[in-house]
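*Asks:* Attaching a predicted model along with its sequence, questions to come.
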Amino acid sequence: MSTTESRPEAAGTAQAAAGQAARETLEDYTLRFAPRSYRRWRPVVVATTALGGIAYMADFSIGAGIGLAHGTGNALLAITVAAVVIFLTGLPLAYYGARYNIDLDLITRGSGFGYYGSVLTSVIFASFTFIFFALEGSIMAQGLKLGLGLPLWLGYLVSTLMVIPLVIYGMKALSKLQVWTTPIWLLLMIGPLVYLIATDPGTVDRFLSYSGTDGDGGVNTASVLLGAGVCLSLIAQIGEQIDYLRFMPPKTSENKHSWWSAVLMAGPGWVVLGALKQTIGVFLAVYILAKVGPAAAPEPIQQFRGAFDAMMPSWMVIPLAVALVVISQIKINVTNAYSGSLAWTNSFTRISKHYPGRMVFVLVNLGFALALMEADMFSFLNSILSFYSNCAIAWVVTVATDIGINKYLLKLSPLQPEFRRGMLYAVNPVGVVSFIAASGLSIAMYFHLLGDALQPYSPVAAAVIAFALTPLTAIATKGKYYLRRTDDGLDEPVLDVDGNPSAVTLDCHVCHQSYERPDLTACATHDAVVCSLCLSTDKTGDHLLPATT
């Protein structure tokens, strides 16, 4: 066959593949800007759905582990310090996700990392999702062993497989699941705590006076920072919150109060509930410590078994404790599987320029999680989270600083987020250098490479270095590497008069689907437009506009 004959055939094959990829991503706009036509939920529904995703039991284990090791006073301070950092860094990220309807990876691309540079952070986020999936799956397996007598290895498998049918359908199915299960979950979680405090006030005194196994009951900086480092491993949770917040409706003068309430509550506000759960974990661990011992006290199934045992007939105790664990595991692990699949798919598609389908990476993420569970990650939980937190802190603080300082204060970073290939440089040193330096030095500190005295300060180092280097690198590079070009070749404005992403639709000439204006650019080789996913999967770069900066 001649070359001239093969080109149309190749083009047809590429268009067919692009069309298939486009159709597969339209259920929940995987890798894409979420258009106004899809975002039909009220702010309160989006917020409830997002908050339903933090129903995980790991907070109880994290709080218990810190409290048992360092004492209640140090644990409460560590939880508070971490919560403040998580709230402050999560606020600009949540705002950008809700305002411009893009996920955290798309935000990261235009906030200091570049089109390919953010692959680094996508892998960090994907790791977060399977680490916490494994943690929640381990907790569920403990419940199934206690309630049904299932061996742990089988419980791990059951907890992994049961989420697959639920995560296939994206936001539509997840919103229903989270809204309907949240009231039951809240009742089962808060009820025992209220009962114990009301009927036995002495439990509060024992809780507050507990000194821990590694200390003398006094408050000290090293213990607080070591505990905060574990809690700060949850800083990447904002990425999962944004996976829901990107479906917020446009902010208008009519809904601005409910819009902001939803963003604050379901964005950085998730950490308020998270901190409360960690505190409850310390309380319940101290309460059951004498009965079950220090090895079992961090297990949520044992904590709630002990709490339920004090308030109801014995025949109800284990069924209710298992029900709470199972509901919590399902609520969070459908989110972990969903968000993880988005992160893996995003990275793979950019590197390979091929969209394999999100379900492939649902299975990949679940495979990693199952391997961690079978390796008994629960037994060395705090070590894993302390190490991971250094990377997560460096990433989130870098992006939050770029938004808060480089965009709004220094005006070196473009205020309007950009995520489309061709509009961004492949790598932006502002975010990449700051992230690598902050995570690298803090990890070295964590492993005692810079001395034993500095080891507890590794999470602080990650945050401080990222916060300082992000604006300094932007100043040094004069903001040169944010945008490869400032004009996407289309006359239609990207934002409407209210500052919301425009709802005007145009047809992509590659996949022949209609998309709203922010998802499109002009095509370099045709008098037409091309969507962001077709740009991502363009192996030859034919559709990419030339650089102008």
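*Replies:* Yes, it's here.

*Asks:* contacts and neighbour counts: CA atoms only from here.
*Replies:* Will do.

*Asks:* measure residue 420 to residue 450 for me?
*Replies:* 40 Å (C-alpha to C-alpha, to the nearest Å).

*Asks:* Centre of the chain to the helix or strand hosting residue 332, how far?
*Replies:* Here residue 332, judged by DSSP states H and E, is contained in helix 314-352. Remark: helix 314-352 is offset 12 Å from the chain centroid, using C-alpha atoms, centre = their mean, to the nearest Å.

*Asks:* which helices and strands does that helix pack with?
*Replies:* On a contact count with 3 or more C-alpha pairs under 8 Å, 6 or more residues apart in numbering; DSSP states H and E, helix 314-352 meets helix 119-148, helix 164-167, helix 171-199, helix 237-245, helix 300-309, helix 358-374.

*Asks:* follow-up on the earlier one: between residue 420 and residue 450, which one's more packed in?
*Replies:* Shown here are residue 420 and residue 450; by other C-alpha atoms under 10 Å, residue 420 has more neighbours (25 against 14).

*Asks:* okay but the more buried one is in contact with residue 532, surely?
*Replies:* Yes. Residue 420 is within contact range of residue 532, at 5.7 Å (criterion: C-alpha atoms under 8 Å).

*Asks:* Between these two, which contacts overlap?
*Replies:* Common contact partners of residue 420 and residue 532 (C-alpha atoms under 8 Å, 6 or more residues apart in numbering): residue 519.

*Asks:* which stretches of the stretch 351-500 of the chain form helices?
*Replies:* 358-374, 381-401, 429-446, 458-477 (DSSP state H, counting those that start in this stretch).

*Asks:* will you turn the helices and strands packed on helix 314-352 into CSV that also has distance to residue 502 and mean pLDDT?
*Replies:* Rendered in CSV, the data for the helices and strands packed on helix 314-352 read as follows (distance: least, C-alpha to C-alpha, whole Å; pLDDT from 0 to 100):
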stretch, distance to residue 502, mean pLDDT
helix 119-148, 27, 86
helix 164-167, 29, 72
helix 171-199, 22, 73
helix 237-245, 18, 88
helix 300-309, 46, 86
helix 358-374, 27, 86
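
*Asks:* and among those, the most buried is which?
*Replies:* helix 237-245 (a mean of 27; mean count of other C-alpha atoms under 10 Å).

*Asks:* How far does that one sit from its chain's centre?
*Replies:* Distance, stretch centre to chain centre, for helix 237-245: 5 Å (C-alpha atoms, centre = their mean).

*Asks:* I'd like the numbering to begin with 692 instead of 1 from here.
*Replies:* Shifting the count to begin at 692 puts that one at helix 928-936.

*Asks:* mind listing what residue 1110 touches?
*Replies:* Residue 1110 is in contact with 797, 798, 800, 801, 806, counting by C-alpha under 8 Å, 6+ apart.

*Asks:* Spatially, what comes nearest to residue 1098 if we skip its sequence neighbours?
*Replies:* Nearest non-adjacent residue to residue 1098, counting by C-alpha to C-alpha, 6 or more residues apart in numbering: residue 1104, 4.5 Å away.

*Asks:* Any chance of the backbone angles for that neighbour?
*Replies:* Main-chain dihedrals, residue 1104, degrees, to the nearest 10: phi -100, psi 140.

*Asks:* From what I see, it and residue 804 are in contact.
*Replies:* No. Using C-alpha under 8 Å, residue 1104 is not in contact with residue 804, being 11.2 Å away.

*Asks:* Comparing those two, which shows the higher neighbour count?
*Replies:* Comparing residue 1104 with residue 804 by other C-alpha under 10 Å, the one with more neighbours is residue 804, at 33 against 27.

*Asks:* who's in contact with the more buried one?
*Replies:* By C-alpha under 8 Å, 6+ apart, residue 804 lies in contact with 1118, 1119, 1120, 1121, 1122, 1123.

*Asks:* can you check residue 845 too?
*Replies:* For residue 845, the contacting residues are residue 832, by C-alpha under 8 Å, 6+ apart.

*Asks:* again, only this time at 6 Å
*Replies:* By C-alpha atoms under 6 Å, 6 or more residues apart in numbering, the contact list for residue 845 is empty.

*Asks:* which SS class is it?
*Replies:* Following DSSP: H, G, I helix; E, B strand; the rest coil, the label given to residue 845 is helix.

*Asks:* Against residue 1200, how distant is it?
*Replies:* 49 Å.

*Asks:* Could you do residue 775 as well?
*Replies:* 47 Å.

*Asks:* C-alpha coordinates for stretch 1138-1157, CSV please?
*Replies:* Once non-C-alpha atoms are left out, stretch 1138-1157 reads as follows in CSV (Å, rounded to 0.1, in the frame of the first residue of the first chain):
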residue,chain,number,x,y,z
PHE,A,1138,15.5,9.1,57.9
HIS,A,1139,17.9,10.8,60.4
LEU,A,1140,20.4,11.7,57.6
LEU,A,1141,20.7,15.2,58.9
GLY,A,1142,20.9,14.2,62.6
ASP,A,1143,18.5,12.7,65.2
ALA,A,1144,17.6,16.1,66.6
LEU,A,1145,16.1,17.3,63.3
GLN,A,1146,14.1,14.1,62.6
PRO,A,1147,10.8,15.2,64.2
TYR,A,1148,10.9,18.4,62.2
SER,A,1149,10.7,16.8,58.8
PRO,A,1150,7.0,17.8,58.1
VAL,A,1151,7.8,21.3,59.2
ALA,A,1152,10.7,21.4,56.8
ALA,A,1153,8.6,20.1,53.9
ALA,A,1154,6.1,22.9,54.5
VAL,A,1155,8.6,25.7,55.1
ILE,A,1156,10.9,24.8,52.1
ALA,A,1157,7.9,24.5,49.7
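
*Asks:* and the residue lying closest to residue 939 once chain neighbours are set aside, what element?
*Replies:* Closest residue to residue 939 apart from its sequence neighbours, by C-alpha to C-alpha, 6+ apart: residue 789 at 5.6 Å. Element membership of residue 789 [criterion: DSSP H and E] is helix 763-791.

*Asks:* Identify all contacting residues around whichever helix or strand comes after that helix.
*Replies:* Moving toward the C-terminus from helix 763-791, the next helix or strand (DSSP H and E) is helix 795-799. Residues from elsewhere that reach helix 795-799 (C-alpha under 6 Å, 6+ apart): 930, 1110.
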